[in-house]
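Colleague: using only what follows, build the 3D model:
(2 chains)
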Amino acid sequence: MSALSLNPLYRLQFEKAQDCYVLLFPEGMVKLNPSAAEILLQVDGNKDETAIVAALRAKFPDAPEDMDADIADFVAKATENNWITHG
Amino acid sequence: MAKPQPGPPLWLLAEVTYACPLHCPYCSNPTELGDKTDEIDTQTWLDTLSQARELGAVQLGFSGGEPLLRQDLEMMVKHASDLGFYTNLITSGIGLTEKRIKALKEAGLAHIQLSFQGASPDINDLVGQRKHSFAHKQKIARLVKQYDYPMVLNFCITATNIHEIQEILELATELNADFVELATVQYYGWAYLNRDELLPTKTQLEEAEAKVNAYRDAQTSGPKFIFVTPDYYETRPKACMNGWGSTFLTVTPDGTALPCHSARMLPLQFPNVKDTSLEKIWYGETDFAYFRGDDWMPSPCKTCEEKDKDFGGCRCQAYMLTGDMHKTDPVCDKSPNHHLIQAAIAKAGHSQKTLVYRDPKNAIPISIAETE
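Modeller: Here you go, the predicted model:
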């Protein structure tokens, strides 16, 4: 698997007024739920999907078994939306 | 009944000047362009940006007119970017040089939206009334990508250039745009003055949209095309500004705060950032809050089950077409004034008038009563 990077068209940032992370892009914004934000925070251009799962397991040891599947779903969706790129 | 309390203003549109080197007849700026000496100064803008960010605004558009005509633009971009805004420059590209593109990048500018008036020098330079602007815009588009900005190209589509749609799609791809707005213009300001000449026919629109869809279907990469149809051909009004005073805040060159960039035409008294804090403007009880909620709604909106979807449509459109800003937007086919839209559509493609190009000398003077 190849490393995941945030598409440079998008900027991830925490917004105090909305108390959540948002993805900003030309004239637009996506509000992220806490899990989506945690996954995107791991997308650093170095880790592939397996490494991201491992990092989140380490950070949230009590997370349910199906977290891996949820991450895979989100990565697929984020790829389709062009938020992240592979390799 | 009290008006609903809004969330934070997420979008600030900073119209830093109405001055512009182009003279597009579809410009949405007011036909009363005002006086350049009324423009608010750098410090007032910087304070306004700080206050907006504090209220929770995150998207910031520098617009106009042509924002590049403000020599303090780089300073404003730097301040906004330091505050954490996502900064968008909405420009014609006239006045942009490699030096300024670089300086704006260093100041933290996040994105450049560049307008084109056509896909050929003949049409582009005619619509903007400026020679060699097409060649310049192409050069600027390449520099914008060279400096790694996300780039949106905005093509304002009217009856004058809609026949170039295929060439527009190809040009945008060649220039490596990220997003492309194919925006059939809305009829405000100068565009309303020229509506009969600018409104494409339904056939022209359908042909253009079919070409866009075919091009999109064949794409494997390249720009994302967004086709915006004019609301005149819809049967329900647009959810104007996502609801009055719900999301957007515009500050005009003289500091007037508006719920949208056209609202200045309405017979209301809007507050000004020179003497009122943005917090008071956004949350207070001035005319800025006039159309919040649905208490103001007339029939058929009042009892309409879609009123939460389109909020009764556009107040400016209702005012321009019916003379009463409280009426249902005539775009809605439930509006008793819908025939006004149908009459405008019937005129499309048949106008014998000539275009009025946006020019201070064509500007409609603010009427001043004179005594003899």
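Colleague: name the element A:Val30 belongs to?
Modeller: Assessed by DSSP states H and E, A:Val30 sits inside strand A:28-31.
Colleague: can you list contacts of that strand?
Modeller: A:18, A:20, A:22-23, B:10, B:58-59, B:86 (Cβ atoms under 8 Å, 6 or more residues apart in numbering or on different chains). For every residue, glycine as well, the C-beta is placed using N, CA and C.
Colleague: for whichever residue of the stretch 201-350 of chain B sits closest to chain A, give me the pLDDT.
Modeller: The stretch 201-350 of chain B approaches chain A most closely through B:Lys224 (8.0 Å), counting by Cβ to the nearest Cβ. pLDDT for B:Lys224: 94.
Colleague: doesn't B:Leu182 make contact with it?
Modeller: No. Applying Cβ atoms under 8 Å, one finds B:Lys224 not in contact with B:Leu182, separated by 11.1 Å.
Colleague: which one of these two has more residues nearby?
Modeller: Neighbour count, other Cβ atoms under 10 Å in any protein chain shown: between B:Lys224 and B:Leu182, B:Leu182 has more, with 22 against 14.
Colleague: where along the chain do the strands fall?
Modeller: Since no chain was named, I'll use chain A. In chain A, the strands defined using DSSP state E lie at A:4-6, A:11-15, A:20-25, A:28-31, A:84-86.
Colleague: nope, chain B
Modeller: B:11-15, B:59-63, B:86-91, B:111-116, B:151-157, B:179-184, B:224-228, B:248-251, B:257-258.
Colleague: distance to A:Thr50 for the ones you listed - can I get that in JSON lines?
Modeller: Below are these laid out as JSON lines (distance: least, Cβ to Cβ, whole Å):
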{"stretch": "strand B:11-15", "distance to A:Thr50": "39"}
{"stretch": "strand B:59-63", "distance to A:Thr50": "35"}
{"stretch": "strand B:86-91", "distance to A:Thr50": "32"}
{"stretch": "strand B:111-116", "distance to A:Thr50": "33"}
{"stretch": "strand B:151-157", "distance to A:Thr50": "34"}
{"stretch": "strand B:179-184", "distance to A:Thr50": "32"}
{"stretch": "strand B:224-228", "distance to A:Thr50": "30"}
{"stretch": "strand B:248-251", "distance to A:Thr50": "43"}
{"stretch": "strand B:257-258", "distance to A:Thr50": "51"}
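Colleague: ok, the residue of chain B found nearest chain A - contacts?
Modeller: Nearest residue of chain B to chain A, counting by Cβ to the nearest Cβ: B:Gly56, 2.7 Å away. Residues in contact with B:Gly56 (Cβ under 8 Å, 6+ apart) are A:15-18, B:7-10.
Colleague: any weak-confidence spans in chain B?
Modeller: B:1-2, B:360-372 (pLDDT under 70).
Colleague: about what we covered before: what about the closest residue to the residue of the stretch 201-350 of chain B closest to chain A other than its chain neighbours, how many neighbours?
Modeller: Excluding the flanking residues, the one nearest B:Lys224 by Cβ to Cβ, 6 or more residues apart in numbering or on different chains is B:Phe179, at 5.1 Å. By other Cβ under 10 Å, 21 other residues sit near B:Phe179.
Colleague: same check on the one 10 residues further on?
Modeller: Around B:Gly189 there are 23 other residues, counting by other Cβ under 10 Å.
Colleague: nearest residue to it other than its sequence neighbours?
Modeller: In space, B:Gly189 is closest to B:Ser28, 4.6 Å off (Cβ to Cβ, 6+ apart).
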